[in-house]
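> what's the 3D shape of this:
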Amino acid sequence: MKLGRFEIGVDIGGTFTDIVCRERGGAPHVLKVLTTRDDPSQAVIKSIAELAERWGVAANRITRFAHGTTVATNAVLERKGARIGLLTTAGFRDVLEIGRQLRTDVYRVILDPQAPVFLAPRRYRREIPERLDASGTVLTALDEAAVVQAADELVQEGIEALAISFLFSFRNPVHERRAAELIRIRHPGLALSLSHEVDPAFREYERTVITAFDAYLKPRVDIYLARLGEGLAKAGIDAPLQVMQSRGGLAIAEVARQRPVRLFLSGPAAGVIGGQIVGASAAADDLITIDVGGTSADIALISRRKPMLRAEGVIGGHAVRVAMVDVTTLGAGGGSIAHLDASGGLRVGPQSAGSEPGPACYGRGGEDATVTDASVVLGYLDPDFFAGGRLRLEPTKATEAIDAKVAKPLGMTTAQAALGIHRVLNAQMAEGIRLVSVRQGIDPRAYALVPLGGAGGIHATALARELGIRRIIVPRLPGVLSAAGLLAAPVAVEVTPLV
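Numbering: from 1, shown residues only. Presented below is the predicted three-dimensional model:
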């Protein structure tokens, strides 16, 4: 058994969980296993046992454990967050619903809310008599009885977390703090998110939204990280669990659990860090990274060896005011399902076969034609050496799926249909790259392309040809570069002072 010290980076994606184990001064050990969708931590725990069995990685020799997760993002995209309540200043109950009155589709006859009302429907919102002026001076004292009554009513209605967003609390948080104190005495197990802690800045709608998102995620992220931490402890690992944040820095799990809204781009941010390291090793200052996984493609720009950041991101079509790496995510990956729309046109994604059942060629019960099936038919993937040889693909089932779902309905050969699937997907990803480059005044031809993820290398040359990019930098281990990026990321603590 080896007696060295080990560092582990784990990135959980929609289809595969990637593990990179690095011994100081030695070559990295790599694992790529199917994600356990019901409980993603299970795949991680099983991988720890495999590392010990195959390479003698003793649990008591693991000194660092860094993790990138999609739990926060998936909770929003799949609407699987907690049921939350919202307390606001009297008169501001509907700020979450009114939003900025900006609409992305102005021609619809029947209008649906475009603000994230699903976070806290009106029946779970309560007004509290209290008021501060713009300088933070108390105009109306906090009605403590109203706070207790509202909390009691919401708990009886089944909320799992509570967001509190009072007017001008970023100037003076006295009322929010007192309200939280009263609620914790009354309901000690209830998760709370206070706007002056989550986002102490002006603009009432944006501050309320990000606070509601924080509460919406808190119980789910807390349970997940607690379960993962317990599993690691049972496996004998006493290294602190570090979690990647959206802006590209690591935080210990306890901090991440307190502010889960900062984990929206946890996984993609790690991939950008990995691309940054690869570009620096190849003396390339300006890069476009594209991380093509099983369910999505994440595109980012690195300029002068620094990832581009933005103060506000978009998750599930909703703007969220949280600093993050500037990543554009498309519903386009190896598991993306090819289908015909109502007019008979070929479409790819955003639905994905995921890991369960997965593409047809996995032989796990999937029947839909996916991009991975098309790659097998075209000979881009070796069926005998997929995911490091852990999974043998079945070309016959890939052919059957593409024939039934695409080729025969369109009157094509299997090869023509498979090539068509690739061309549609490549067009979507090329447009995504233009979105982050050309539309911001950046010429992609002056940048190098860094493909990563399990399917990045397959599409790299087609994308470079489409965009006129002349240089492609392929990492040594592109399929697990996000996990490797976790081990290169700095530890960062984000503190936002009151305005």
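
> got the buried residues for the helix or strand hosting Arg347?
Here Arg347 sits within strand 346-352, counting by DSSP states H and E. Neighbour counts over strand 346-352 (16 or more other C-beta atoms under 10 Å) mark Leu346, Arg347, Val348, Gly349, Gln351, Ser352 as buried. Placement of C-beta: from N, CA and C, glycine included.

> repeat that for stretch 330-338.
Within stretch 330-338, the residues that qualify as buried are Leu330, Ala332, Gly333, Gly334, Gly335, Ser336, Ile337, Ala338, counting by 16+ other C-beta under 10 Å.

> stretch 385-402 now?
Using 16+ other C-beta under 10 Å as the test for burial, stretch 385-402 gives Phe386, Ala387, Leu391, Leu393, Glu394, Lys397, Ala398, Thr399, Glu400, Ala401, Ile402.

> quote the end-to-end distance of it.
Taking C-alpha to C-alpha, to the nearest Å as the measure, stretch 385-402 stretches 21 Å from start to finish.

> do stretch 325-337 as well
Using C-alpha to C-alpha, the gap from the first to the last residue of stretch 325-337 comes to 28 Å.

> same check on stretch 317-337?
For stretch 317-337, the separation between the terminal residues is 21 Å (C-alpha to C-alpha).

> rounded mean pLDDT for that stretch, please.
pLDDT averaged over stretch 317-337 equals 85, rounded to a whole number.

> strands along the stretch 51-200 of the chain, start to end?
Ranges of strands within the stretch 51-200 of the chain are 62-68, 84-89, 125-128, 131-132, 138-140, 161-165, 191-194, based on DSSP state E, counting those that start in this stretch.

> can I get those in JSON lines with distance to Ala43, mean pLDDT and mean neighbour count?
Output for the strands of the stretch 51-200 of the chain, formatted as JSON lines (distance: least, C-beta to C-beta, whole Å; pLDDT from 0 to 100; neighbours: other C-beta atoms under 10 Å):
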{"stretch": "strand 62-68", "distance to Ala43": "12", "mean pLDDT": "92", "mean neighbour count": "23"}
{"stretch": "strand 84-89", "distance to Ala43": "29", "mean pLDDT": "98", "mean neighbour count": "26"}
{"stretch": "strand 125-128", "distance to Ala43": "38", "mean pLDDT": "98", "mean neighbour count": "21"}
{"stretch": "strand 131-132", "distance to Ala43": "48", "mean pLDDT": "97", "mean neighbour count": "20"}
{"stretch": "strand 138-140", "distance to Ala43": "52", "mean pLDDT": "97", "mean neighbour count": "12"}
{"stretch": "strand 161-165", "distance to Ala43": "27", "mean pLDDT": "98", "mean neighbour count": "28"}
{"stretch": "strand 191-194", "distance to Ala43": "26", "mean pLDDT": "98", "mean neighbour count": "23"}
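
> now for the ones you listed, which one comes closest to Ser266?
Distances from Ser266 to each of the strands of the stretch 51-200 of the chain were compared by C-beta to C-beta, and the smallest falls on strand 62-68, at 4.9 Å.

> which neighbouring elements make contact with the closest one?
The helices and strands touching strand 62-68, judged by 3 or more C-beta pairs under 8 Å, 6 or more residues apart in numbering; DSSP states H and E, are strand 6-12, strand 241-244, helix 266-281, helix 481-488.

> chain center to that strand, what's the gap?
Its chain's C-alpha centre lies 18 Å from the corresponding centre of strand 62-68 when counted by C-alpha atoms, centre = their mean, to the nearest Å.

> list the pairing partners of that strand within its sheet, with orientation.
Strand pairing for strand 62-68, determined by DSSP bridges: strand 6-12 (parallel), strand 241-244 (parallel).

> ok, residues contacting it?
In this structure, residues lying in contact with strand 62-68 by C-beta atoms under 8 Å, 6 or more residues apart in numbering are 5-12, 44, 228, 232, 237, 239-244, 250, 266-267, 269-270, 482-483, 485-487, 489.

> give me phi/psi at the closest residue to Val261 other than its chain neighbours?
Across the structure, with C-beta to C-beta, 6 or more residues apart in numbering as the measure, the residue nearest Val261 apart from its sequence neighbours is Asp214 (4.1 Å). According to degrees, to the nearest 10, the main-chain angles of Asp214 amount to phi -60, psi -40.

> next SSE downstream of the helix or strand of the chain with the lowest mean pLDDT?
With mean pLDDT, DSSP states H and E as the measure, the helix or strand of the chain carrying the lowest mean pLDDT is strand 313-315 (a mean of 79). Taking DSSP H and E as the definition, the helix or strand that follows strand 313-315 towards the C-terminus is strand 318-320.

> just checking: what are the partner strands of the helix or strand just after that next one?
Following strand 318-320 in sequence order, the next helix or strand is strand 324-325 (DSSP H and E). Strands flanking strand 324-325 in the sheet, each with its direction: strand 309-310 (antiparallel) (DSSP bridges).

> turn the buried residues of stretch 385-402 into CSV, including secondary structure and pLDDT.
Converted to CSV, those look like this (DSSP: H, G, I helix; E, B strand; the rest coil; pLDDT from 0 to 100):
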residue, secondary structure, pLDDT
Phe386, strand, 84
Ala387, coil, 75
Leu391, strand, 81
Leu393, coil, 92
Glu394, coil, 94
Lys397, helix, 95
Ala398, helix, 95
Thr399, helix, 96
Glu400, helix, 95
Ala401, helix, 95
Ile402, helix, 96
